[in-house]
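Participant: Just need the structure, nothing else, for what follows:
(chains A, B and C)
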Amino acid sequence: MGRLPARLREKLITWYDANARDLPFRRTRDPYAIWVAEVMLQQTRVETVLPYFARFLERFPTAEALAGSSEQDVLTMWSGLGYYRRARLLHQGAMHVRDVHAGKVPADVEAIRAIPGVGPYTTGAIASQAFGLAAPLVDGNVARLFSRLFAIEEDVKKGKGLARVWALAAELVKGERPGTLNNALMELGATVCVPREPRCLLCPVRPECAAKKAGKERELPIVTEKPIRPKIVEIAAILTMAGSDDVLLARCAPSAKSRLFVGLWEPLRVTTRDVHAARAMLESSLGIDVKLDDVPVRRVEHVLTHRHLDVSVHRGTIARAPRLPSLPSLMKSKRTEHDERYDELAFVSLSKLGERGVSSLAKKLLGVRR
DNA sequence: AATACGGGGGT
DNA sequence: ACCCCAGTATT
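Facilitator: Next comes the predicted model:
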């Protein structure tokens, strides 16, 4: 292992003590609260998480409370946050902690790592921040910071470069206040060693920075690939029953084709721009007579990591309450080209949308403001 | 090792 | 438009 610059830990911790943002999940040592925060923070900005964190803990104050709640209630509290699998895994994790650890988050690195939804990063975060264990942690901020601090030329997001970053984090975390050290690395990456235009004048470890020495602080980190976002054109059906204002929503089930929005309640969508084809697909999959307006009420664009959805929203009515066909019959129907399959249907008043787990896309499709 | 998962804010 | 975020599970 390469030697770390002298006093690096101390400089980072001193800087953190003087410059850290005051965040609610840094004010607690409750491992459950820290766990919830860390899961919410996966791939999600701090500012986005804050209101969700407060509401979630109020609704589910303990791991026991979360474990005793329904997945539906958990998804409702998660509505709009995205990456909904996190919410379902957090719920499963709470049940795991209840059943395996008597409701208390274990103060053991391996046991923490074994909790559903808790990966390498979250393990380090919980272990170091809640229990003061010298467990390393690498997130996007730490990877970027290290790529500059140690002038790592490989892509630090994967493979060998990532392994090197983890090894460095593991070295650095050995010592006093591991939780603070980890937080200092992330805080420095988030506020000073930012992706573009790093604010080196404010950096406490500028003298130690290999990239700065080489004048390469703006060239690092090396990025080796950018994702593509294919555009997918769809039609969404806002279906109401004749004589009612309630809209028909369907709960998404995992399918071979898609695991998008699993467990959430969404308006029906089909992958076609043709209204007549859409109606035929809805009829064949729902087994009901569907009337769909020719003219869309609105058009919605929604960008996800790997897709760019372009959805025409059509109002429609159905003559009677639909009956959901069995899953096997859907599987056999080659004319059914839904993005996802559904396992339940319900009519929901728009005013009671907040009582369901719905995606941000669903709110846009329904014309409800976020 | 690659891919699928949401959504939002910064440039 | 493009970047990328306090990542994890699955293939």
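
Participant: give the contact list for the residue of the stretch 51-200 of chain A at minimum distance from DNA strand C.
Facilitator: Ranked by CB to the nearest atom of the strand, the top residue of the stretch 51-200 of chain A for proximity to DNA strand C is A:G119, at 2.4 Å. Quick note: C-beta positions are derived from backbone N, CA and C, even for glycine. For A:G119, the contacting residues are A:R113, by CB atoms under 8 Å, 6 or more residues apart in numbering.

Participant: can we see that at 10 Å?
Facilitator: A:G119 is in contact with A:39, A:42, A:89, A:113, counting by CB atoms under 10 Å, 6 or more residues apart in numbering.

Participant: wait, is A:T240 part of a helix?
Facilitator: No. Judged by DSSP: H, G, I helix; E, B strand; the rest coil, A:T240 forms no part of a helix; its state is strand.

Participant: residues in contact with it?
Facilitator: Contact analysis of A:T240 by CB under 10 Å, 6+ apart lists A:246-248, A:315-318, A:347.

Participant: So which bits of stretch A:103-118 are buried?
Facilitator: Within stretch A:103-118, the residues scored as buried using 16 or more other CB atoms under 10 Å are A:103, A:105-106, A:109, A:111-113, A:115, A:117-118.

Participant: Farthest-apart pair in those residues, please.
Facilitator: A:G103 and A:V109 (19.4 Å; CB to CB).

Participant: ok, back up a step: so of the buried residues of stretch A:103-118, which ones are in helices?
Facilitator: A:109, A:111-113 (DSSP state H).

Participant: now those in a markdown table, with pLDDT and distance to A:H96?
Facilitator: Shown next, in a markdown table, are these (pLDDT from 0 to 100; distance: CB to CB, whole Å):
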| residue | pLDDT | distance to A:H96 |
| --- | --- | --- |
| A:V109 | 98 | 16 |
| A:A111 | 98 | 10 |
| A:I112 | 98 | 11 |
| A:R113 | 98 | 12 |
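
Participant: Between those, which sits nearest DNA strand B?
Facilitator: Closest to DNA strand B, out of all of these and judged by CB to the nearest atom of the strand, is A:R113, at 16.4 Å.

Participant: How much space separates the closest residue in space to the closest one that isn't next to it in sequence from A:Y84?
Facilitator: Sequence neighbours aside, A:T123 is the residue nearest to A:R113 in space, at 4.4 Å (criterion: CB to CB, 6 or more residues apart in numbering). Using CB to CB, to the nearest Å, one gets 22 Å for the distance from A:T123 to A:Y84.

Participant: for DNA strand B, what are the nearby residues on chain A?
Facilitator: A:43-45, A:47-48, A:80-85, A:158-159, A:196, A:258-262, A:302-307, A:359-361, A:370 (CB under 7 Å from any atom of the strand).

Participant: What's the ChimeraX line that selects buried ones from those residues?
Facilitator: Only the buried entries of the residues of chain A next to DNA strand B go into this ChimeraX selection, using 16+ other CB under 10 Å:
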select /A:80,81,82,84,260,261,262,302,307,359,361
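
Participant: and the residues of chain A next to DNA strand B near DNA strand C, which?
Facilitator: Answer for those near DNA strand C (CB under 7 Å from any atom of the strand): A:43-45, A:83, A:85, A:305.

Participant: Closest one to DNA strand C out of the contacts of A:T240, please.
Facilitator: Among these, and counting by CB to the nearest atom of the strand, the member closest to DNA strand C is A:R315, at 28.0 Å.

Participant: give the contact list for that closest one.
Facilitator: So A:R315 contacts A:237-240, A:247, A:291-293, A:295-298 (CB under 10 Å, 6+ apart).

Participant: Which secondary structure state does it sit in?
Facilitator: Applying three-state DSSP: A:R315 is strand.
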